[in-house]
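Asks: My questions are about this predicted structure, shown below with the sequence.
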Amino acid sequence: MPKRLHHVDGPPLPANRHTAWSIGSNGLTTAGQNELLKNLGRQLQADYQDMLREPAPDRIRELLERLEANSRHSDDHLDDEDL
C-alpha cells in the first residue's frame, strides 16, 4: 500500500499525487526574482563547495576521459573534411 502524506490539519494525500510547488516568488518583481535566484545560487554553491573539491570517482573520471577522446577524434575528423 502506498505511503500517504498528511496536511498539518487535513486529510491524508495520496503518495502519487503530483502538485506544483513554489518558493513564493510569484509576487516578486523581475529584479526581486533575479536577486532571489542569485541568493539561491550562492547558497547552493556554499553548501556544495566541499563536495566540488573532492576528486571524481574513477569510473566518472574514466568516462570523462573517453568522452574527451571521442570529442577530439570527432573534431580531428571534421578538420580533415574541411581540407
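Replies: Perfect, thanks for sending it.

Asks: Could you pull out the strands in the protein for me?
Replies: Using DSSP state E, the strands of the chain run over residues 5-6, 12-13.

Asks: Ranked by average pLDDT, which of these falls at the bottom?
Replies: Mean pLDDT is lowest for strand 5-6 among the strands of the chain, at a mean of 47.

Asks: pLDDT below threshold where in this structure?
Replies: Within the chain, the segments meeting pLDDT under 70 span 1-23, 77-83.

Asks: can you do 90?
Replies: 1-30, 32-33, 51-53, 55-56, 72-83 (pLDDT under 90).

Asks: Going along the chain, name the helices of it.
Replies: 30-53, 58-82 (DSSP state H).

Asks: will you turn those helices into a markdown table that also has mean neighbour count and distance to residue 24?
Replies: For the C-beta atoms, the positions are set from N, CA and C on the backbone; glycine is no exception. Shown next, in a markdown table, are the helices of the chain (neighbours: other Cβ atoms under 10 Å; distance: least, Cβ to Cβ, whole Å):
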| stretch | mean neighbour count | distance to residue 24 |
| --- | --- | --- |
| helix 30-53 | 10 | 9 |
| helix 58-82 | 10 | 36 |
